[in-house]
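S.K.: The following block contains a protein sequence and its predicted model.
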Amino acid sequence: MGTVVNVLAIVVGSILGLSLRGKLSQRFQDILMQVLGIATMFIGVSGALKGMLVIENGKLDTSNVMLMIVSLVLGALIGEGFRLEQRMEQLGEWFKRLAKIRDDSCFVEGFVNASLVVCIGAMAVVGAIEDGIAGNSAILFAKAMLDFVIVMVFASTLGIGVLFSAIPLGLYQGSISIFARIIKPLLTEEMITSLSFVGAILIFAVGVNLSFGKKFRVGNMLPALFVPVLYEFIIQLFR
């Protein structure tokens, strides 16, 4: 249910954003993208710090640093090997041809950036897992409200490609919920926390790309999300 509401929020938000396209001057579009990028970066930073900083014996300490580094390195190597970002761009081009859109140069950029922002992160993963395991959609309902605003701004600047991000979101969150229901006995809090931690770092990278132009191939880093889950699963086997 939560994923359905989230998809509808993206569709409606994108349509509203498209109605504003062309009515904003370039300088307003630029500042909106920069502000949205900064907000996205801080969402990523807050999630990363939550997963990295701990208080032990009254002192502030760090944890999961090595796991973060290993996850990002291995994930980036795997993603680069499979050229995941290029595949996402090809998917965006396919949607563009499917929709018979020829004059929208921002279509692929809008599709890829919006897909990354709405799919990656703690709320998408934890919310989908909660929805699958306990039938609790509260997190996804909150995420739907945030995504509504995000895609509305995206669509007003990047066009109709943003609307198509509802498709990978529905498949991604829906698959996680179904998979979580199947493997419910095997999931631990540590797995969810580690995955969300790495996801927050990728969200930060997406924010940098939005504010300063494409600096990181975030799509190629997506496998990093699953490295900490595999690590925690192996640890559980040997306990």
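M.R.: Sure thing, it's come through. Numbering: from 1, shown residues only.
S.K.: pretty sure residue 188 contacts residue 239?
M.R.: No - Residue 188 is not in contact with residue 239 according to CB atoms under 8 Å; the separation is 10.2 Å. Using the backbone N, CA and C atoms, a C-beta is placed for each residue, glycine as well.
S.K.: need the strands for this protein, in chain order.
M.R.: Applying DSSP state E to the chain gives strands spanning 53-56, 59-62.
S.K.: how about those strands, which one is nearest residue 162?
M.R.: For the strands of the chain, proximity to residue 162 was assessed by CB to CB; strand 53-56 is nearest, at 33.6 Å.
S.K.: Please state the mean pLDDT value computed over that closest one.
M.R.: For strand 53-56, mean pLDDT rounds to 78.
S.K.: What pairs with it, parallel or antiparallel?
M.R.: Applying DSSP bridges to the sheet, strand 53-56 is found paired with strand 59-62 (antiparallel).
S.K.: what's the partner strand in contact with?
M.R.: 52-55 (CB atoms under 8 Å, 6 or more residues apart in numbering).
S.K.: what do you get for stretch 40-58?
M.R.: 60-65, 68, 117, 121-122, 150, 193-194, 196-197, 199-208, 210-211.
S.K.: between residue 188 and residue 239, who's got more neighbours?
M.R.: Neighbours per residue (other CB atoms under 10 Å) separate residue 188 from residue 239, with residue 188 holding more: 13 against 4.
S.K.: And stretch 198-212, how far out from the chain middle?
M.R.: Chain-centre distance of stretch 198-212: 9 Å, with CA atoms, centre = their mean, to the nearest Å.
S.K.: tell me which residues in that stretch are buried?
M.R.: 198-211 (16 or more other CB atoms under 10 Å).
S.K.: So, low pLDDT: which residues of the chain?
M.R.: Applying pLDDT under 70 to the chain flags the ranges 96, 99-105, 121-122.
S.K.: what's the residue of it most remote from its centre sitting at in phi/psi?
M.R.: Most distant from the centre of the chain: residue 57, at 34.4 Å, with distances by CA atoms, centre = their mean. Dihedral pair for residue 57: phi 50, psi 40, per degrees, to the nearest 10.
S.K.: any idea how far residue 139 is from it?
M.R.: Per CB to CB, to the nearest Å, residue 57 is found 32 Å from residue 139.
S.K.: How many residues are close by residue 23?
M.R.: Residues near residue 23, counting by other CB under 10 Å, number 8.
S.K.: Could you check how far it is from residue 224?
M.R.: Distance from residue 23 to residue 224, by CB to CB: 39 Å.
S.K.: now swap in residue 185 and tell me
M.R.: Noted for residue 185: a distance of 25 Å to residue 224, by CB to CB.
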